[in-house]
Every structure is written in structure tokens, then in C-alpha cells.
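1. Build the 3D model from these lines:
(one chain, ligands or ions: 1)
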Amino acid sequence: MEIVMKTIAQDTRPAFDAGLSPASALPPVAPRFDLYTGIHKAIRVGCAETLTRLGAVDADDDDEVQTMTGALVAFLAQMRSHVMHENRFVHPAMEARRPGSASQVAGEHEEHLAAIEALEREAFALAATPAALRREPALRLYRHFALFVAENHQHMHHEETVHNAVLWSAYSDAELLAIELAIIGSQSQQSMAGWLHWFAPALATAELAPVLAGARGGMPADVFETLLSSMAARQSPERHGKVRAAVEAIAAAQAAA
Ligand SMILES: [Fe+2]
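-> Numbers count the residues shown, from 1 in each chain. A predicted model of the protein is given here:
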């Protein structure tokens, strides 16, 4: 876990990237296509929920530890795939029109991949430790994951501000949408379902509905319905109804166009 702590100690990004500046330093809510914010909102929920569960685990309870470490490893796999998607689809686009613009974050991604691997090793080791000896490694894993979460929050803020500025200056919304669709199209149905688990409570209706409407076009109706229904447990009945209505409205508008 030295990698994560080193990253934080040596962070040379400007103060506003650490969220220390007045609100005026934050970017305006631009009416541009945003590749980053939706998925990052989902990741922020995943980080918060996973960290909370990890902190609350009864380390001497075999079932709880197995369930918790399984959930942590599954979330880390999603984080790894997110890094790979950005490396494969977003950074080449940035570098193609603004050479060097993705180099800092590319280096951070290497550190994230190493940190993910280290956290996975810790999780597996914890699960294999006898119950009576688990308290200390469980607390250590909780703290290491908290540092990983902290670094990722700064990292995502940098991408949503600095990277978006590059993308918005170099690409049209239609081109950015094509990148988004390529990312979605590269994922399995199982992977999509895994992400919707975090998207469901993370996004505003107006953000979530277009994502779902886009997914709907790429799968059979019954598969889409299963996916949509799986989100109900993660939303209030009112919110779930609003999302369904918004998806229907988008589909009706597309059919009429
Ligand atoms: Fe990233």
C-alpha cells in the first residue's frame, strides 16, 4: 500500500484540485457532453458504501468477512475496468489532438492498478486469516482502502475539470458521445448490471434516463426489463417510477423523430 500513500504525500496538484478552493474555482456546469461525471458519481457511491461496510465488519464473523471481502474484490475489479476504459478510449483521444494532455493521469492510473492489486492481496489474506487474528488486518485493510478512496476522489476531480476542459476544446459533443457509446459497447451485460448497481442511487433522473435509454437500444426488451427491475432495490419507489417514465419519454421522442 506504499504506492497509495506515496501518491498522496507527493501530490503536487494545485490546491483547488484538493477541493480547498472557493466554489468559484470549480468549473461551471457546462452544457457539454460529459464523459466523466456520471461514472464518477457511481464510483463515489461505490467507494462510500464499500468503505462503510468494511469499517463495520465484525472481523471474527466468518460469513461477514467472506461477504465483505467478496464485495470489496468485486468493486476493485470494477475500478480496474474503469481505469482500463479510460486508458483505452479516453486518453488516446486526448493525446491525438492535445499531445501530452493525458500523461499525468496515465501515470496515476499505473499507481491505481498497483494499489488495486495490493488491496486485493490484503483482502484475500484477511479472508484466509483465522477469526481470532483478524481484527488488526481488518482495520489495516479499512485504512488502506480509505487512502485509496481519498486519492481517487482527488483524481476524479482532476479528470472532471482539467481533462474535460481538454476534451471540450478538442472534440464536439457528437464525437464525445461516440466515445461513450464505444465504452458502453465494449462491456458485457453482466458488467453493465454491475455498474447500474452504483448508478441507480448515484445519478439524478435526468442523468440516469439517457444512459438507460442508450442501453435499451442495444439489448432485447426482456433483458432490458430485467436490468431496469434490478435497479428498483437501489431506489425509492418514487425515484424508480420517475426513471421509468423518463426512459419511456426518451424512447417516445426517438420513435417520433
Ligand atoms: Fe481515471
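
2. Name the helix or strand for V211, please.
-> Assigned by DSSP states H and E, V211 falls within helix 205-216.

3. angle of the helix or strand just after that helix against helix 205-216?
-> Where DSSP H and E defines the elements, the next helix or strand beyond helix 205-216 is helix 221-230. Interaxial angle, helix 221-230 versus helix 205-216 (axes from the mean of the first three to the mean of the last three C-alpha atoms, to 10 degrees): 150 degrees.

4. helices or strands up against helix 221-230?
-> helix 189-202, helix 205-216 (3 or more C-beta pairs under 8 Å, 6 or more residues apart in numbering; DSSP states H and E). Quick note: C-beta positions are derived from backbone N, CA and C, even for glycine.

5. Ok, which of those comes nearest M84?
-> Among the helices and strands packed on helix 221-230, helix 189-202 comes nearest to M84, with 11.4 Å by C-beta to C-beta.

6. Same question for that closest one: list its buried residues.
-> Neighbour counts over helix 189-202 (16 or more other C-beta atoms under 10 Å) mark M192, G194, W195, L196, H197, W198, F199, A200, P201, A202 as buried.

7. quick one, helices of the protein?
-> 2-9, 37-56, 62-85, 91-97, 103-128, 135-158, 164-170, 173-185, 189-202, 205-216, 221-230, 237-256 (DSSP state H).

8. Dump these to a markdown table, plus distance to P31 and mean pLDDT.
-> Formatted as a markdown table, the helices of the chain follow (distance: least, C-beta to C-beta, whole Å; pLDDT from 0 to 100):
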| stretch | distance to P31 | mean pLDDT |
| --- | --- | --- |
| helix 2-9 | 33 | 43 |
| helix 37-56 | 13 | 97 |
| helix 62-85 | 24 | 97 |
| helix 91-97 | 20 | 97 |
| helix 103-128 | 24 | 97 |
| helix 135-158 | 20 | 97 |
| helix 164-170 | 10 | 97 |
| helix 173-185 | 9 | 92 |
| helix 189-202 | 21 | 91 |
| helix 205-216 | 13 | 88 |
| helix 221-230 | 27 | 88 |
| helix 237-256 | 18 | 92 |
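
9. what's the distance between the residue nearest to S81 when sequence neighbours are not counted and L35?
-> Spatial nearest neighbour of S81, chain neighbours left out: S191 (6.8 Å); criterion: C-beta to C-beta, 6 or more residues apart in numbering. Distance check for S191 against L35: by C-beta to C-beta, to the nearest Å, it reads 17 Å.
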